[in-house]
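model the following, please.
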Amino acid sequence: MKTDVLLIPMGARYGNMRAAAIAAENAGFDGLWMWDHLRDPQGGSAAGVPEAWTTLTALAEATRRVALGPLVLNVSNRHPGLLANMAATLQQVSGGRLLLGLGAGGSRTTPYAAEQLGLGLAVEPDRVRAARVVEAIEVMRRLWSGDGASFAGEHYRLERPSGYLRADPPPPIVVGGFGPRMAAIAGRHGDGFNTQAFHPQLADLVRVARAEHEAAGRDPSTFIVTVFAGLQERWLRAESRARSSLEALGVARLILLVEPPFDPRQVESAGTLLGAARGQ
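Numbers count the residues shown, from 1 in each chain. Next up, the predicted model:
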């Protein structure tokens, strides 16, 4: 099981994020992730929130080995045609290290809805937001494959598209969610699923996602399950019950959240524990 870090962007500064990212790579972590938000949902950060794609692209230039990804992009914030081109560009910059996390965004009952409402963007019902994820995946894959046929979906249209940048290779699409609807979408349309490490129905959600992946005629052994949790010692020790339980479910990547201001020494210390667990 690979172990990654997520740099929480609320109130973060790029220079500090860059130092932490380099420390994570040097310490032996396998990937770097960042939340896709435009403001602090609690309103507590006067410093603001760096934009995910811009920051990830800069970190791709600052690193050489680690995978990079947004956890997860709200498809309502970017047209999938634009997103397809952004992802293809990041694949060029990073040398193919992108893991593309996608999600439906928060509902009106979550604090995250405020960032869209504040910009005059609609926050649609759950069913509509989930359907947008499915269509966005189809649009991106069409553009990456060079398919020039027109497409008319419920939410997006393509008019004889041609000449758009193609991702080489197309990045794995990891769909985030917390319930069976998004797990099923992840399995049928995506390449992976992301949710909480301590989700009470984690095993059931993983089962749903893998079953849908197989039902779609795809190899379930290639499906990527990722989970996130706080940066705590129990996740770094090989003998820990918490880590072993995830490995038993076939979790491919454990993503550990780090809060700003980032201390590169803390990241390096965590990497030392992780290296000991790996026998390095």
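
contacts and neighbour counts: CA atoms only from here.
Will do.

what's the nearest residue to residue 140 if we skip its chain neighbours?
Of all residues not flanking residue 140 in the chain, residue 84 sits nearest, at 5.0 Å (C-alpha to C-alpha, 6 or more residues apart in numbering).

so what's the residue count around that neighbour?
Here the number of neighbours of residue 84 (other C-alpha atoms under 10 Å) works out to 25.

and it, what's its pLDDT?
With respect to pLDDT, residue 84 scores 98.

what sits against it?
Residue 84 makes contact with 140, 141, 143, 144, 166, 167 under the criterion C-alpha atoms under 8 Å, 6 or more residues apart in numbering.

wait, a strand at residue 101?
Yes - counting by DSSP: H, G, I helix; E, B strand; the rest coil, residue 101 falls inside a strand.

thinking again about what came up before, roughly how far does the residue nearest to residue 140 sit from residue 155?
Remark: distance between residue 84 and residue 155 (C-alpha to C-alpha, to the nearest Å) = 16 Å.

follow-up on the earlier one: please identify the helix or strand for the residue nearest to residue 140.
Here residue 84, judged by DSSP states H and E, is contained in helix 80-94.

stretch 230-245: end-to-end distance?
End-to-end span of stretch 230-245 (C-alpha to C-alpha): 16 Å.

quick one: distance of that stretch to the chain centre.
Here stretch 230-245 is found 21 Å from its chain centre; the criterion is C-alpha atoms, centre = their mean, to the nearest Å.

pLDDT of that stretch, averaged?
92.

ok, stretch 1-13 next?
For stretch 1-13, mean pLDDT rounds to 96.

list the buried residues in the helix ranked longest in the chain.
Identified as the longest helix of the chain according to DSSP state H is helix 126-145. Of the residues in helix 126-145, 129-130, 132-144 count as buried by neighbour count, 16 or more other C-alpha atoms under 10 Å.

closest one to residue 185 out of the residues you listed, please.
residue 134 (7.0 Å; C-alpha to C-alpha).

quick one: residues contacting that closest one.
Shown in contact with residue 134 (C-alpha under 8 Å, 6+ apart): 185, 189.

distance check, it against residue 140.
Using C-alpha to C-alpha, one obtains 10 Å as the distance from residue 134 to residue 140.

equivalent analysis for residue 61, please.
Distance from residue 61 to residue 140, counting by C-alpha to C-alpha: 24 Å.

wasn't residue 193 part of a strand?
Yes - applying three-state DSSP, one finds residue 193 inside a strand.

identify the bridge partners of it.
Per DSSP bridges, the residues bridged to residue 193 are residue 175, residue 225.

residue 178 is in contact with that one, correct?
No - Residue 193 lies out of contact with residue 178 (C-alpha atoms under 8 Å); the separation is 9.8 Å.

between these two, who's got more neighbours?
Ranked by neighbour count (other C-alpha under 10 Å), residue 193 and residue 178 place residue 193 first, with 29 against 15.

gap between stretch 248-268 and the chain center?
From the chain centre to the centre of stretch 248-268 is a distance of 14 Å (C-alpha atoms, centre = their mean).

hmm, who's touching it?
Contact with stretch 248-268 is made by 1-12, 16-17, 19-20, 23-24, 26-27, 33, 197, 203, 206, 224-232, as judged by C-alpha under 8 Å, 6+ apart.
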